[in-house]
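Enquirer: Would you be able to build a 3D model of this:
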Amino acid sequence: MWRHKILWVWMCMAWGGSAASAFADDSNKPQPGPAPVTSAAQSAVLPGVTITSTRTARSVDDVPDTVTVHTARQIELSGTRNIEELFRDELDVTVNHDPVLFTAASSSTGRAGNAGINIRGLEGNQVLMMTDGIRLPFAFDFGHSFSTGRGDFVDLNAYKTVDVLRGPASTQYGSDGLAGAVQFLTLDPSDLLKPGSSANGFARQSHSSVDRSWNTAVAGAGRKGPWQGLLLGSFYRGHDQDNMGSNDAANVTRTTPNPMDWHSQYVLGKAILAITPRQSLGLTAEALRRKQDTDLLSAIAVPPYAATSTRGLTANDTISRNRLSLRHDWSGDGWLRAARTEVYWQDAEVRQRTWEDRNTAADRTRDNNYRQRILGLSTQLQSRIATAVWLHRLSWGVDLSTSRIGAVRDGTVPPEGETFPTKPFPDTDYRLMGLFVQDEIDSERFTFIPGLRLDGYQLDPRTSGYSGKVVSLSDHAVSPRLGAVWRLAPQAQPYVQWALGFRAPAPDQVNNDFVGPMRRVISVGNPDLQAERANSIELGLRGRSGSLSYSLAAYHNRYRNFIEQTVIGGTFTPSNPLIFQYVNLSKATIRGLEARARWQTTSQWSFNAGVAYSRGDYEHNGVSAPLNSVQPLRLLAGAQYDTGWLGGKLDVQHTQGKALGRIDTADYNGSPFTPKAYTVVNVGLWCKPTPRVTVSGNLNNLFDEKYWVWDDVRGLSASSKVLDAYTEPGRNVQIALRYDF
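Expert: Okay, the predicted model is just below:
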């Protein structure tokens, strides 16, 4: 019944917004745009414009939470190729990128690429990732043989800003934003078009020594009459990513990277029609495809050989994402000031194929496929109500989406007791429905931002091609939020935010039916799974005094109902197998402190510094242990020089070693590997010899430091013979040449 009510309310909203289009006016329409021009190291402290915190355009200094904005110029000058490099200057954000050491059936290490984003200690599907408000595909993991990531579904040449929001984002976007949200906003024609010009664009060529990759990006935008258009193409070709390993052996002792060739193609197209000065219709199309071929020398066995020993292993992995969206914007002078309605479709797919040459046993292959298609609609409306003291900017709307999610495991010589093809979970229709309302209440000294969202989620599995038992699941969640900013004085502006968040169970957690070899192990679904929950509070203080600006933040996040797969019965015999099931078990607490400061000494010179510390613990069956996904203490310091046509930067990053006492050793085989503290220095230079030409270069890891990132070595034993395979790249260079026309 509540689903019918949501649809009815949305139709009333959409009709009311259409009727109000006669009052159109752009003066109060949200205008998301790039943040002020900054270098990479300045992003955490300089004010920018964000739409992710409130779904409306606000300065990052005027929201009651921590948001950082990465601009297109920042991405350009830093030579960033992927999300791992994009967030390397963030204090509390990391990206997991394991070395490529996977096998055909027993390990998936590194196969997910840039697997996902970690914000303040939570990661994976607990972080909401979006492109223009559209969810990127989920990450998926099936045992040791099948693993997909999320970070390689984007191409950074296409974005004008990347917003990073900390803390639960469920009031704004519903499920998945348990730890925060990352929003990638694509370029519009107006971002390339110059005043008085009908056509502009750029061509860019770049090279990175870290993986010997080349990138060519070309974009053009034009306008004629009421039409504007944009077309962008980005093409990458590269190889294996370097590390500090030295063992080139073609077997399991290898620590240098496995030979790899990869290439990707990305195309973005936009067409915008100004129906009236206050009403527009925009069409966006995206297409991304990435292919990777790997020779897994690290999987080859050493003599003496058994019958099943691996003598050769090659892999071919492809990912693709296609998107089409249609958006209608209008604005007015009446009670309804702005409205936006968007319908969208997205189809994303991961395919992983492996060919294994075994000694005398039959050779085997694996062909794994994961696909997620989504169809959605979003409507957001905005009203403005002014009183003698307060200005209310009221936003409300509805988000509806349905996803078809499915996976197939195929190949030859399946494990004993299995037959191919098989599905790790049934094809599932995953529906999300949300109603939200928010009031931005501003006065000269105060801002209050209360918000409330009602969400419903439903998982409807399909039995076609699936032999196991299936169950359906539906539930709802209420996510309130309350934030406040006090403009006490320019030198001190306190803020506070309290928010609840949730993450709905994934289809593979509700339904999975697996029978292991000799029927000693089975897994079963759980129709009683509850959503994971977050309860977060953040206190902060921002201020400016002369040329010095700073921000302080303290947060305390509590989580419950973490979903984990555990044994619920059995004795590991064919007659009484071990039974695995996803259940709600753990609760966790993560608390931390962050500080950032920037000193603008002259119009050309500035200095910045920051520090972040977090501590996390989880409780399972009454026993408390450290939360391994929490990162060690991190410090950043930098200096920047920018005259407009010539600039440079020096960034110093120090990360504390991971203390043994802050590692949960329950899942380790032996003592855990504890990486030591490290300090990395990066240098960048850029110049504009002419107004149209930009040349930039970056020298990373200037002193060739050998180090390990905790996010990449979690779970690695200290006795591992291939520790050096997990090291980060040594000294490397990135150069780029851009021509604007």
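Enquirer: continuing past the helix or strand of the chain with the lowest mean pLDDT, what's the next helix or strand?
Expert: The helix or strand of the chain with the lowest confidence, counting by mean pLDDT, DSSP states H and E, is helix 2-19 at a mean of 36. Downstream of helix 2-19, the next assigned helix or strand under DSSP states H and E is strand 49-50.
Enquirer: which SS class is the residue most central in space within the chain?
Expert: With distances taken as C-alpha atoms, centre = their mean, Met129 lies nearest the centre of the chain, 4.3 Å away. Look at Met129: counting by DSSP: H, G, I helix; E, B strand; the rest coil, its state is strand.
Enquirer: and it, bridged to which residues?
Expert: Val182 (DSSP bridges).
Enquirer: now do Pro672
Expert: With DSSP bridges as the rule, Pro672 is bridged to Ser717.
Enquirer: From the structure, what's the count of residues near Trp390?
Expert: Neighbourhood size, Trp390 [other C-beta atoms under 10 Å]: 15. Glycine gets a C-beta too; all of them are placed from N, C-alpha and C.
Enquirer: Quick check: it touching Asp439?
Expert: No. Judged on C-beta atoms under 8 Å, Trp390 makes no contact with Asp439 at a distance of 9.9 Å.
Enquirer: where along the stretch 51-200 of the chain do the strands fall?
Expert: Under the criterion DSSP state E, counting those that start in this stretch, the stretch 51-200 of the chain contains strands at 58-59, 67-71, 93-96, 116-119, 127-131, 134-135, 140-142, 146-148, 159-166, 180-186, 199-208.
Enquirer: Which residues lie in contact with the residue nearest to the centre of the chain in this structure?
Expert: 116-117, 135-136, 150, 181-182, 184 (C-beta atoms under 8 Å, 6 or more residues apart in numbering).
Enquirer: ok, these vs Asp261, which is closest?
Expert: Nearest to Asp261, judged by C-beta to C-beta, of the contacts of Met129 is Arg150 at 22.6 Å.
Enquirer: what about the closest one, distance to Val343?
Expert: 23 Å (C-beta to C-beta, to the nearest Å).
Enquirer: Check Phe425 too.
Expert: 28 Å.
Enquirer: Between those two, which is the more surrounded one?
Expert: Higher neighbour count among Phe425 and Val343: Phe425, with 25 against 15, using other C-beta under 10 Å.
Enquirer: On the three-state scheme, the more buried one is what?
Expert: Under three-state DSSP, Phe425 falls in the coil class.
Enquirer: cool, Ser298 as well?
Expert: Ser298 - assigned by three-state DSSP - is helix.
Enquirer: gap between it and Asp711?
Expert: 21 Å.
Enquirer: The two: who's more crowded?
Expert: More crowded of Ser298 and Asp711, by other C-beta under 10 Å: Ser298, with 28 against 18.
Enquirer: For that one, give me its contacts.
Expert: Contacts of Ser298 (C-beta under 8 Å, 6+ apart): 101, 251-252, 254, 258, 722, 725.
Enquirer: Out of these, which comes closest to Asp651?
Expert: Distances from Asp651 to the contacts of Ser298, taken by C-beta to C-beta, are shortest for Ala725, at 26.4 Å.
Enquirer: okay but the closest one is in contact with Arg254, surely?
Expert: Yes. Ala725 lies in contact with Arg254 (C-beta under 8 Å); the separation is 7.1 Å.
Enquirer: any residues in contact with both of those two?
Expert: The contact sets of Ala725 and Arg254 overlap at 245, 298 (C-beta under 8 Å, 6+ apart).
Enquirer: which one of the two has more residues nearby?
Expert: Ala725 (25 against 22).
Enquirer: how close does that one sit to Phe235?
Expert: 29 Å.
Enquirer: same question, Gly570
Expert: Applying C-beta to C-beta to Gly570 and Phe235 gives a distance of 52 Å.
Enquirer: same deal with Gly269?
Expert: Here the criterion is C-beta to C-beta. By it, Gly269 lies 15 Å from Phe235.
Enquirer: Also His97?
Expert: His97 sits 22 Å away from Phe235, going by C-beta to C-beta.
Enquirer: Out of these two, name the residue with the larger neighbour count.
Expert: His97 (24 against 16).
Enquirer: Secondary structure of Asp399: a strand, I assume?
Expert: Yes. According to three-state DSSP, Asp399 belongs to a strand.
Enquirer: any low-confidence regions in the protein?
Expert: Along the chain, segments meeting pLDDT under 70 span 1-47, 516-519.
Enquirer: Let's see that with 80 instead.
Expert: Where the chain drops to pLDDT under 80, the residues are 1-47, 143-145, 416-417, 467-468, 513-521, 667.
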